[in-house]
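Participant: Compute the structure for the input listed below.
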Amino acid sequence: MAQILTPRQAEELHKAILAYLDSNNLPNAAAALRTELDLGDTFDEVTSKKYEGLLEKKWTSVVRLQKKIMDLESRTSALQTELDRATPASLSSRNQDPTAWLPRSPARYTLQSHRKPVTCVAFHPVFSSLASGSEDYTIKIWDWELGELERTIKGHTNTVLDVDFGGPRGGTLLASCSNDLTIKLWDPSDEYKNIRTLPGHDHSVSAVRFIPSGAAGAPSSGNLLVSASRDKTLRIWDVSTGYCVKTIRGHADWVRDVCPSPDGRYLLSAGNDQTARLWDISLANPESKLTLVGHEHTIECCTLAPPAAYPHLAPLAGLKKPPPASSTAEFMATGSRDKSIRIWDGRGNCIKTLTGHDNWVRALVFHPGGKYLISVADDRTLRCWDLTQEGKCVKVIADMHGHFVSCLRWAPGIVREPVANGNHEGTNGSTPGTPKPSAIPTEVQMRCVIATGCVDESVRVLAN
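Facilitator: Numbering: from 1, shown residues only. Sure, this is the predicted structure:
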(Lines give C-alpha, C1' and ligand atoms only; values in the text may rest on other atoms or scores of the structure.)
Protein backbone atom coordinates (compact mmCIF):
# COMPACT_ATOMS: atom_id res chain seq x y z
CA MET A 1 0.00 0.00 0.00
CA ALA A 2 1.32 3.47 -0.95
CA GLN A 3 2.45 5.68 1.93
CA ILE A 4 0.23 8.76 2.29
CA LEU A 5 2.34 10.36 5.03
CA THR A 6 5.94 11.49 4.73
CA PRO A 7 8.42 9.74 7.08
CA ARG A 8 8.43 12.86 9.30
CA GLN A 9 4.61 12.99 9.48
CA ALA A 10 4.47 9.24 10.25
CA GLU A 11 6.99 9.67 13.10
CA GLU A 12 4.92 12.55 14.58
CA LEU A 13 1.75 10.42 14.40
CA HIS A 14 3.42 7.45 16.11
CA LYS A 15 4.64 9.65 18.98
CA ALA A 16 1.19 11.24 19.34
CA ILE A 17 -0.42 7.75 19.56
CA LEU A 18 2.13 6.64 22.18
CA ALA A 19 1.52 9.80 24.23
CA TYR A 20 -2.26 9.15 23.99
CA LEU A 21 -1.84 5.54 25.22
CA ASP A 22 0.42 6.65 28.11
CA SER A 23 -1.95 9.41 29.24
CA ASN A 24 -4.91 6.99 29.18
CA ASN A 25 -3.12 4.35 31.34
CA LEU A 26 -2.73 1.74 28.64
CA PRO A 27 0.90 0.67 29.39
CA ASN A 28 0.70 -2.74 27.67
CA ALA A 29 -0.56 -1.30 24.37
CA ALA A 30 2.04 1.49 24.64
CA ALA A 31 4.86 -1.02 25.30
CA ALA A 32 3.74 -3.20 22.37
CA LEU A 33 3.68 -0.23 20.01
CA ARG A 34 7.06 1.01 21.29
CA THR A 35 8.58 -2.43 20.60
CA GLU A 36 6.86 -2.65 17.19
CA LEU A 37 8.22 0.76 16.19
CA ASP A 38 11.64 0.04 17.72
CA LEU A 39 11.72 3.39 19.53
CA GLY A 40 13.74 2.15 22.50
CA ASP A 41 14.58 4.89 25.02
CA THR A 42 14.22 7.76 22.52
CA PHE A 43 10.59 8.23 23.59
CA ASP A 44 11.06 9.32 27.23
CA GLU A 45 8.71 11.05 29.67
CA VAL A 46 9.62 14.58 28.41
CA THR A 47 8.78 13.62 24.81
CA SER A 48 5.55 11.98 25.97
CA LYS A 49 4.50 15.22 27.74
CA LYS A 50 5.31 17.21 24.55
CA TYR A 51 2.97 15.07 22.42
CA GLU A 52 0.24 14.69 25.06
CA GLY A 53 -3.16 15.87 23.81
CA LEU A 54 -1.94 16.32 20.23
CA LEU A 55 -3.98 13.41 18.82
CA GLU A 56 -7.21 14.65 20.45
CA LYS A 57 -6.52 18.19 19.17
CA LYS A 58 -6.00 17.00 15.57
CA TRP A 59 -9.07 14.77 15.75
CA THR A 60 -11.39 17.57 16.92
CA SER A 61 -9.88 19.96 14.32
CA VAL A 62 -10.72 17.56 11.49
CA VAL A 63 -14.32 17.22 12.71
CA ARG A 64 -14.62 21.01 13.04
CA LEU A 65 -13.21 21.56 9.50
CA GLN A 66 -15.55 18.94 8.05
CA LYS A 67 -18.52 20.76 9.57
CA LYS A 68 -17.21 24.08 8.23
CA ILE A 69 -16.82 22.60 4.71
CA MET A 70 -20.38 21.26 4.80
CA ASP A 71 -21.70 24.67 5.90
CA LEU A 72 -19.79 26.43 3.08
CA GLU A 73 -21.03 23.91 0.52
CA SER A 74 -24.65 24.48 1.50
CA ARG A 75 -24.14 28.29 1.42
CA THR A 76 -22.54 28.06 -2.05
CA SER A 77 -25.45 25.94 -3.26
CA ALA A 78 -27.96 28.49 -1.89
CA LEU A 79 -26.11 31.41 -3.54
CA GLN A 80 -25.96 29.55 -6.88
CA THR A 81 -29.73 28.93 -6.72
CA GLU A 82 -30.23 32.62 -5.97
CA LEU A 83 -28.02 33.58 -8.95
CA ASP A 84 -29.89 31.22 -11.26
CA ARG A 85 -33.17 32.85 -10.31
CA ALA A 86 -31.77 36.38 -10.65
CA THR A 87 -32.22 38.85 -13.54
CA PRO A 88 -31.12 38.03 -17.10
CA ALA A 89 -28.00 40.09 -16.39
CA SER A 90 -26.81 37.47 -13.92
CA LEU A 91 -23.71 35.55 -14.87
CA SER A 92 -25.58 32.24 -15.05
CA SER A 93 -28.08 33.62 -17.53
CA ARG A 94 -25.33 35.29 -19.51
CA ASN A 95 -23.79 31.88 -20.02
CA GLN A 96 -27.06 30.72 -21.58
CA ASP A 97 -27.92 33.89 -23.56
CA PRO A 98 -25.14 34.81 -26.03
CA THR A 99 -26.64 38.28 -26.66
CA ALA A 100 -26.03 39.18 -23.01
CA TRP A 101 -22.61 37.53 -22.64
CA LEU A 102 -19.78 39.83 -21.65
CA PRO A 103 -16.08 38.90 -21.45
CA ARG A 104 -14.80 38.24 -17.97
CA SER A 105 -11.51 37.59 -16.25
CA PRO A 106 -9.51 35.39 -16.03
CA ALA A 107 -8.72 34.68 -19.69
CA ARG A 108 -9.26 31.13 -20.91
CA TYR A 109 -5.77 31.21 -22.41
CA THR A 110 -2.77 33.51 -22.43
CA LEU A 111 -0.86 32.69 -25.62
CA GLN A 112 2.85 33.43 -25.51
CA SER A 113 5.47 32.97 -28.22
CA HIS A 114 5.95 36.41 -29.85
CA ARG A 115 9.23 38.12 -28.97
CA LYS A 116 7.98 41.69 -29.35
CA PRO A 117 4.64 43.52 -28.84
CA VAL A 118 1.54 42.03 -30.47
CA THR A 119 -0.11 44.53 -32.84
CA CYS A 120 -3.11 42.66 -34.30
CA VAL A 121 -5.31 39.57 -34.06
CA ALA A 122 -7.91 37.94 -36.35
CA PHE A 123 -10.19 34.88 -36.18
CA HIS A 124 -10.68 32.33 -38.96
CA PRO A 125 -14.37 32.48 -40.03
CA VAL A 126 -14.87 28.70 -39.77
CA PHE A 127 -12.12 26.95 -37.83
CA SER A 128 -10.75 27.60 -34.35
CA SER A 129 -7.67 29.34 -35.77
CA LEU A 130 -6.51 32.71 -34.50
CA ALA A 131 -3.81 34.77 -36.23
CA SER A 132 -1.65 37.33 -34.43
CA GLY A 133 0.89 39.77 -35.87
CA SER A 134 3.77 41.39 -34.08
CA GLU A 135 6.66 43.83 -34.10
CA ASP A 136 8.87 40.71 -34.29
CA TYR A 137 7.95 40.61 -38.07
CA THR A 138 6.07 37.29 -37.69
CA ILE A 139 2.48 36.08 -37.80
CA LYS A 140 1.54 33.23 -35.48
CA ILE A 141 -1.40 30.88 -35.94
CA TRP A 142 -2.97 29.52 -32.75
CA ASP A 143 -5.75 27.06 -31.99
CA TRP A 144 -7.81 29.22 -29.61
CA GLU A 145 -9.92 26.26 -28.41
CA LEU A 146 -6.84 24.32 -27.27
CA GLY A 147 -4.60 27.27 -26.48
CA GLU A 148 -1.80 25.89 -28.66
CA LEU A 149 0.58 27.43 -31.19
CA GLU A 150 0.07 25.83 -34.61
CA ARG A 151 2.67 27.60 -36.74
CA THR A 152 4.81 30.71 -37.21
CA ILE A 153 4.66 32.51 -40.55
CA LYS A 154 7.69 34.49 -41.71
CA GLY A 155 7.83 36.71 -44.77
CA HIS A 156 7.45 40.35 -43.77
CA THR A 157 10.64 42.34 -43.26
CA ASN A 158 9.20 44.78 -40.72
CA THR A 159 6.45 45.07 -38.08
CA VAL A 160 3.19 43.29 -39.02
CA LEU A 161 0.48 45.93 -38.40
CA ASP A 162 -2.73 44.08 -39.24
CA VAL A 163 -4.16 40.67 -40.22
CA ASP A 164 -7.57 39.57 -41.49
CA PHE A 165 -9.20 36.35 -42.72
CA GLY A 166 -11.65 36.39 -45.64
CA GLY A 167 -11.71 36.20 -49.40
CA PRO A 168 -13.41 34.08 -52.03
CA ARG A 169 -16.17 31.75 -50.94
CA GLY A 170 -14.85 28.36 -49.95
CA GLY A 171 -11.28 29.63 -50.31
CA THR A 172 -10.52 31.57 -47.13
CA LEU A 173 -7.25 33.52 -47.23
CA LEU A 174 -5.24 35.35 -44.60
CA ALA A 175 -4.15 38.89 -45.48
CA SER A 176 -1.43 40.76 -43.61
CA CYS A 177 0.10 44.22 -43.93
CA SER A 178 3.28 45.72 -42.63
CA ASN A 179 5.65 48.61 -42.14
CA ASP A 180 7.58 47.04 -45.03
CA LEU A 181 4.98 48.76 -47.35
CA THR A 182 3.49 45.46 -48.56
CA ILE A 183 0.33 43.39 -48.17
CA LYS A 184 0.75 39.62 -48.28
CA LEU A 185 -1.84 36.90 -48.93
CA TRP A 186 -1.42 33.48 -47.33
CA ASP A 187 -3.34 30.26 -48.06
CA PRO A 188 -4.48 28.45 -44.87
CA SER A 189 -5.40 25.34 -46.90
CA ASP A 190 -1.81 25.04 -48.18
CA GLU A 191 0.16 25.40 -44.93
CA TYR A 192 -0.18 29.21 -45.07
CA LYS A 193 1.95 29.46 -48.18
CA ASN A 194 2.50 33.07 -49.37
CA ILE A 195 0.50 33.12 -52.61
CA ARG A 196 0.73 36.83 -53.41
CA THR A 197 2.45 40.05 -52.36
CA LEU A 198 0.69 43.33 -53.15
CA PRO A 199 3.07 46.30 -53.48
CA GLY A 200 1.77 49.80 -54.23
CA HIS A 201 1.54 51.85 -51.06
CA ASP A 202 4.23 54.47 -50.58
CA HIS A 203 4.39 54.14 -46.78
CA SER A 204 3.48 51.78 -43.91
CA VAL A 205 0.23 49.85 -44.41
CA SER A 206 -1.66 50.16 -41.13
CA ALA A 207 -4.85 48.17 -41.68
CA VAL A 208 -6.23 45.53 -44.01
CA ARG A 209 -9.79 44.12 -44.30
CA PHE A 210 -11.59 41.83 -46.71
CA ILE A 211 -14.68 43.52 -48.18
CA PRO A 212 -17.83 41.35 -47.97
CA SER A 213 -19.49 40.78 -51.33
CA GLY A 214 -22.97 41.25 -49.90
CA ALA A 215 -24.24 38.46 -52.17
CA ALA A 216 -27.22 36.49 -50.89
CA GLY A 217 -26.18 33.52 -48.83
CA ALA A 218 -22.55 34.66 -48.70
CA PRO A 219 -22.38 37.37 -46.06
CA SER A 220 -18.63 37.37 -45.75
CA SER A 221 -17.17 36.20 -49.05
CA GLY A 222 -15.62 38.35 -51.74
CA ASN A 223 -12.55 38.94 -53.86
CA LEU A 224 -11.95 42.50 -52.69
CA LEU A 225 -9.58 43.70 -49.99
CA VAL A 226 -9.14 47.23 -48.62
CA SER A 227 -5.96 48.63 -47.10
CA ALA A 228 -5.25 51.85 -45.18
CA SER A 229 -1.84 53.48 -45.21
CA ARG A 230 0.41 56.17 -43.84
CA ASP A 231 0.60 57.46 -47.44
CA LYS A 232 -2.88 59.01 -46.70
CA THR A 233 -4.72 56.68 -49.09
CA LEU A 234 -7.04 53.69 -49.04
CA ARG A 235 -6.55 51.10 -51.76
CA ILE A 236 -8.95 48.41 -52.94
CA TRP A 237 -7.40 45.23 -54.33
CA ASP A 238 -8.70 42.22 -56.24
CA VAL A 239 -7.11 39.28 -54.43
CA SER A 240 -7.67 36.91 -57.38
CA THR A 241 -5.42 39.01 -59.64
CA GLY A 242 -3.38 41.03 -57.14
CA TYR A 243 -4.26 44.29 -58.91
CA CYS A 244 -5.15 47.54 -57.17
CA VAL A 245 -8.59 48.42 -58.61
CA LYS A 246 -9.23 51.71 -56.77
CA THR A 247 -7.20 54.29 -54.84
CA ILE A 248 -9.20 56.52 -52.49
CA ARG A 249 -7.78 59.91 -51.50
CA GLY A 250 -9.27 62.41 -49.07
CA HIS A 251 -7.56 62.03 -45.69
CA ALA A 252 -4.98 64.72 -44.91
CA ASP A 253 -2.71 62.41 -42.91
CA TRP A 254 -1.93 58.80 -41.96
CA VAL A 255 -5.01 56.53 -42.30
CA ARG A 256 -4.91 54.26 -39.24
CA ASP A 257 -7.97 52.04 -39.56
CA VAL A 258 -10.66 50.95 -42.01
CA CYS A 259 -13.92 49.02 -41.60
CA PRO A 260 -16.11 47.79 -44.49
CA SER A 261 -19.91 47.53 -44.17
CA PRO A 262 -21.46 44.01 -44.16
CA ASP A 263 -22.90 44.55 -47.67
CA GLY A 264 -19.57 45.77 -49.04
CA ARG A 265 -21.02 49.11 -50.17
CA TYR A 266 -19.35 51.43 -47.64
CA LEU A 267 -15.98 51.89 -45.99
CA LEU A 268 -15.38 53.76 -42.74
CA SER A 269 -11.81 55.04 -42.33
CA ALA A 270 -10.04 57.13 -39.69
CA GLY A 271 -6.60 58.42 -38.79
CA ASN A 272 -4.17 61.12 -37.75
CA ASP A 273 -6.14 63.99 -39.33
CA GLN A 274 -8.59 63.50 -36.39
CA THR A 275 -11.47 62.72 -38.76
CA ALA A 276 -13.34 59.61 -39.78
CA ARG A 277 -14.81 59.33 -43.27
CA LEU A 278 -17.57 57.17 -44.71
CA TRP A 279 -17.01 56.27 -48.37
CA ASP A 280 -19.53 54.91 -50.88
CA ILE A 281 -17.40 52.45 -52.89
CA SER A 282 -20.30 51.17 -55.02
CA LEU A 283 -19.67 54.17 -57.31
CA ALA A 284 -17.12 54.09 -60.11
CA ASN A 285 -15.32 56.95 -58.33
CA PRO A 286 -15.77 56.36 -54.58
CA GLU A 287 -16.81 59.50 -52.78
CA SER A 288 -16.83 60.65 -49.18
CA LYS A 289 -20.44 60.46 -47.97
CA LEU A 290 -19.69 61.81 -44.48
CA THR A 291 -16.80 63.39 -42.60
CA LEU A 292 -16.96 62.90 -38.83
CA VAL A 293 -15.29 65.77 -36.96
CA GLY A 294 -15.03 66.10 -33.18
CA HIS A 295 -12.08 64.16 -31.80
CA GLU A 296 -9.18 66.22 -30.47
CA HIS A 297 -6.39 63.79 -31.32
CA THR A 298 -5.53 60.94 -33.73
CA ILE A 299 -8.36 58.42 -34.24
CA GLU A 300 -6.88 54.97 -33.68
CA CYS A 301 -9.91 52.79 -34.51
CA CYS A 302 -13.32 52.82 -36.13
CA THR A 303 -16.18 50.36 -36.54
CA LEU A 304 -19.69 50.17 -37.99
CA ALA A 305 -22.61 49.13 -35.77
CA PRO A 306 -24.43 45.90 -36.68
CA PRO A 307 -28.19 46.19 -37.39
CA ALA A 308 -28.82 44.44 -34.04
CA ALA A 309 -27.59 47.64 -32.34
CA TYR A 310 -29.96 49.98 -34.24
CA PRO A 311 -32.89 49.69 -31.77
CA HIS A 312 -30.56 50.71 -28.91
CA LEU A 313 -28.80 53.52 -30.81
CA ALA A 314 -31.89 55.05 -32.47
CA PRO A 315 -33.12 56.75 -29.22
CA LEU A 316 -29.66 58.38 -28.78
CA ALA A 317 -30.03 59.85 -32.27
CA GLY A 318 -33.55 61.11 -31.47
CA LEU A 319 -35.20 58.62 -33.84
CA LYS A 320 -38.66 57.29 -32.98
CA LYS A 321 -37.99 54.01 -34.77
CA PRO A 322 -34.70 52.35 -35.75
CA PRO A 323 -33.50 52.33 -39.38
CA PRO A 324 -34.25 49.10 -41.30
CA ALA A 325 -31.82 46.24 -40.67
CA SER A 326 -31.16 46.06 -44.43
CA SER A 327 -29.62 49.53 -44.31
CA THR A 328 -25.89 49.49 -43.50
CA ALA A 329 -23.65 52.25 -42.12
CA GLU A 330 -26.44 53.84 -40.04
CA PHE A 331 -24.32 54.15 -36.88
CA MET A 332 -20.58 54.03 -36.29
CA ALA A 333 -18.07 54.35 -33.45
CA THR A 334 -14.55 55.80 -33.27
CA GLY A 335 -11.86 55.57 -30.58
CA SER A 336 -9.12 58.14 -30.19
CA ARG A 337 -5.91 59.16 -28.49
CA ASP A 338 -8.04 61.86 -26.80
CA LYS A 339 -9.14 58.90 -24.56
CA SER A 340 -12.76 59.10 -25.72
CA ILE A 341 -15.08 56.97 -27.83
CA ARG A 342 -17.64 58.71 -30.02
CA ILE A 343 -20.80 57.21 -31.50
CA TRP A 344 -22.11 58.80 -34.70
CA ASP A 345 -25.34 58.57 -36.68
CA GLY A 346 -25.74 58.25 -40.46
CA ARG A 347 -25.99 62.03 -40.85
CA GLY A 348 -22.57 62.62 -39.32
CA ASN A 349 -23.79 63.81 -35.90
CA CYS A 350 -21.97 62.70 -32.74
CA ILE A 351 -24.83 61.24 -30.69
CA LYS A 352 -22.78 60.10 -27.68
CA THR A 353 -19.28 60.53 -26.25
CA LEU A 354 -18.11 57.74 -23.95
CA THR A 355 -15.44 58.69 -21.43
CA GLY A 356 -13.74 56.46 -18.89
CA HIS A 357 -10.48 55.25 -20.41
CA ASP A 358 -7.35 56.91 -18.98
CA ASN A 359 -5.22 56.54 -22.10
CA TRP A 360 -5.38 56.07 -25.88
CA VAL A 361 -8.36 53.98 -27.04
CA ARG A 362 -6.87 51.34 -29.34
CA ALA A 363 -9.69 49.07 -30.54
CA LEU A 364 -13.47 48.81 -30.60
CA VAL A 365 -15.95 46.06 -31.39
CA PHE A 366 -19.73 46.01 -31.22
CA HIS A 367 -21.24 43.00 -29.45
CA PRO A 368 -22.96 40.90 -32.19
CA GLY A 369 -26.08 40.91 -30.00
CA GLY A 370 -26.21 44.70 -30.43
CA LYS A 371 -26.52 45.70 -26.77
CA TYR A 372 -22.90 46.51 -26.01
CA LEU A 373 -19.78 48.19 -27.35
CA ILE A 374 -16.44 46.73 -26.16
CA SER A 375 -13.22 48.76 -26.07
CA VAL A 376 -9.57 48.30 -25.11
CA ALA A 377 -6.97 50.95 -24.43
CA ASP A 378 -3.45 51.81 -23.38
CA ASP A 379 -4.76 52.05 -19.79
CA ARG A 380 -4.55 48.21 -19.83
CA THR A 381 -8.32 47.80 -19.42
CA LEU A 382 -11.19 46.31 -21.38
CA ARG A 383 -14.50 48.18 -20.97
CA CYS A 384 -18.07 47.20 -21.81
CA TRP A 385 -20.53 50.01 -22.61
CA ASP A 386 -24.26 49.26 -22.39
CA LEU A 387 -26.07 50.86 -25.36
CA THR A 388 -29.46 50.16 -23.74
CA GLN A 389 -28.39 52.48 -20.89
CA GLU A 390 -27.18 55.37 -23.08
CA GLY A 391 -23.66 53.96 -23.26
CA LYS A 392 -23.10 53.53 -19.51
CA CYS A 393 -19.88 51.65 -18.68
CA VAL A 394 -21.18 48.46 -17.03
CA LYS A 395 -18.00 46.42 -16.83
CA VAL A 396 -14.26 47.02 -16.56
CA ILE A 397 -11.61 44.29 -16.70
CA ALA A 398 -8.77 46.20 -15.08
CA ASP A 399 -6.17 43.42 -15.34
CA MET A 400 -6.75 42.65 -19.01
CA HIS A 401 -2.99 42.69 -19.71
CA GLY A 402 0.20 43.84 -18.02
CA HIS A 403 0.81 46.61 -20.57
CA PHE A 404 -0.95 48.65 -23.30
CA VAL A 405 -3.73 46.61 -24.96
CA SER A 406 -3.18 47.11 -28.69
CA CYS A 407 -5.94 45.13 -30.42
CA LEU A 408 -9.28 43.39 -29.99
CA ARG A 409 -11.41 41.12 -32.18
CA TRP A 410 -14.65 39.19 -31.69
CA ALA A 411 -14.88 35.74 -33.28
CA PRO A 412 -17.23 35.86 -36.29
CA GLY A 413 -20.46 33.88 -36.05
CA ILE A 414 -20.65 30.44 -37.62
CA VAL A 415 -22.77 30.64 -40.78
CA ARG A 416 -25.02 27.60 -41.06
CA GLU A 417 -26.26 27.53 -44.64
CA PRO A 418 -29.09 25.38 -45.99
CA VAL A 419 -28.12 23.14 -48.89
CA ALA A 420 -30.56 23.40 -51.78
CA ASN A 421 -31.26 20.32 -53.98
CA GLY A 422 -28.29 18.55 -52.44
CA ASN A 423 -25.83 20.85 -54.23
CA HIS A 424 -23.22 22.82 -52.31
CA GLU A 425 -22.59 26.27 -53.71
CA GLY A 426 -19.17 26.42 -55.27
CA THR A 427 -19.54 22.96 -56.84
CA ASN A 428 -21.13 21.69 -60.07
CA GLY A 429 -19.49 24.35 -62.16
CA SER A 430 -20.41 27.42 -60.10
CA THR A 431 -17.52 29.64 -59.17
CA PRO A 432 -16.62 30.17 -55.51
CA GLY A 433 -17.44 33.77 -54.68
CA THR A 434 -20.52 33.85 -56.96
CA PRO A 435 -23.09 31.81 -55.06
CA LYS A 436 -26.62 31.28 -56.31
CA PRO A 437 -29.04 33.51 -54.43
CA SER A 438 -31.03 31.43 -52.00
CA ALA A 439 -34.55 32.08 -50.78
CA ILE A 440 -33.78 30.20 -47.58
CA PRO A 441 -32.17 32.53 -45.03
CA THR A 442 -28.79 31.65 -43.61
CA GLU A 443 -28.51 31.21 -39.86
CA VAL A 444 -25.57 32.73 -38.02
CA GLN A 445 -24.66 31.18 -34.68
CA MET A 446 -22.99 33.71 -32.38
CA ARG A 447 -19.64 32.72 -30.83
CA CYS A 448 -18.87 34.24 -27.42
CA VAL A 449 -15.12 34.49 -27.92
CA ILE A 450 -12.84 37.53 -28.02
CA ALA A 451 -9.09 37.90 -28.41
CA THR A 452 -6.83 40.76 -27.36
CA GLY A 453 -3.16 41.47 -28.09
CA CYS A 454 -0.74 43.49 -26.03
CA VAL A 455 2.62 45.22 -25.82
CA ASP A 456 3.43 42.55 -23.16
CA GLU A 457 3.96 40.16 -26.17
CA SER A 458 0.92 38.02 -25.31
CA VAL A 459 -2.48 37.24 -26.82
CA ARG A 460 -5.40 36.53 -24.51
CA VAL A 461 -8.56 34.59 -25.34
CA LEU A 462 -11.71 35.21 -23.31
CA ALA A 463 -14.51 32.76 -24.02
CA ASN A 464 -17.79 31.55 -22.60
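
Participant: any weak-confidence spans in the stretch 301-450 of the chain?
Facilitator: Low-confidence segments of the stretch 301-450 of the chain (pLDDT under 70): 416-442.

Participant: which parts of the longest helix that the chain contains are buried?
Facilitator: Looking across the chain with DSSP state H, the single longest helix is helix 54-85. By 16 or more other CB atoms under 10 Å, the buried positions in helix 54-85 come out as 54, 55. Backbone N, C-alpha and C define where each C-beta goes, glycine included.

Participant: what helices or strands is it leaning on?
Facilitator: For helix 54-85, the packing partners by 3 or more CB pairs under 8 Å, 6 or more residues apart in numbering; DSSP states H and E come out as helix 7-23, helix 91-96.

Participant: what is the mean pLDDT for it?
Facilitator: Per-residue pLDDT over helix 54-85 has a mean of 83.

Participant: what about residue 146, neighbour count?
Facilitator: By other CB atoms under 10 Å, 10 other residues sit near residue 146.

Participant: let me fix that: residue 46
Facilitator: Count around residue 46 with other CB under 10 Å applied: 7.

Participant: State the distance from it to residue 52.
Facilitator: Applying CB to CB, to the nearest Å, the value for residue 46 to residue 52 is 11 Å.

Participant: picking up where we left off before, so which of the helices and strands packed on helix 54-85 is the most packed in?
Facilitator: Sort the helices and strands packed on helix 54-85 by mean neighbour count, taking mean count of other CB atoms under 10 Å, and helix 7-23 sits at the top with a mean of 16.

Participant: Adding distance to residue 318 and mean pLDDT, write the helices and strands packed on helix 54-85 out as a markdown table.
Facilitator: A markdown table is the format used below for these (distance: least, CB to CB, whole Å; pLDDT from 0 to 100):
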| stretch | distance to residue 318 | mean pLDDT |
| --- | --- | --- |
| helix 7-23 | 74 | 84 |
| helix 91-96 | 31 | 50 |
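
Participant: isn't residue 296 right up against residue 338?
Facilitator: Yes: counting by CB atoms under 8 Å, residue 296 does reach residue 338; the two are 4.3 Å apart.

Participant: residues shared between the contacts of the two?
Facilitator: When CB atoms under 8 Å, 6 or more residues apart in numbering defines a contact, no residue borders residue 296 and residue 338 alike.

Participant: Would you mind telling me which of these two has more residues around it?
Facilitator: residue 338 (20 against 10).

Participant: Backbone dihedrals for that one, please?
Facilitator: Residue 338 adopts backbone torsions of phi -80, psi 10, taken as degrees, to the nearest 10.

Participant: how about the helices and strands packed on helix 54-85 in a markdown table, adding distance to residue 233?
Facilitator: Shown next, in a markdown table, are those (distance: least, CB to CB, whole Å):
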| stretch | distance to residue 233 |
| --- | --- |
| helix 7-23 | 73 |
| helix 91-96 | 42 |
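
Participant: closest one to residue 325 among those?
Facilitator: Among the helices and strands packed on helix 54-85, helix 91-96 comes nearest to residue 325, with 24.2 Å by CB to CB.

Participant: Model confidence score at the residue located most distally from the centre of the chain, please.
Facilitator: Here the chain reaches farthest from its C-alpha mean at residue 28, the gap being 70.2 Å by CA atoms, centre = their mean. Note on residue 28: pLDDT of 88.

Participant: let's have the chain start at 50 instead
Facilitator: Renumbered: residue one is now 50, and that last one reads residue 77.

Participant: Run the angle between the helix or strand harbouring it and helix 56-72 for me.
Facilitator: Under the criterion of DSSP states H and E, residue 77 resides in helix 76-86. If you take axes from the mean of the first three to the mean of the last three CA atoms, to 10 degrees, helix 76-86 sits at 160 degrees to helix 56-72.

Participant: Quick check: which helices or strands does helix 76-86 pack against?
Facilitator: Other helices and strands packing on helix 76-86, by 3+ CB pairs under 8 Å, 6+ apart, are helix 56-72.
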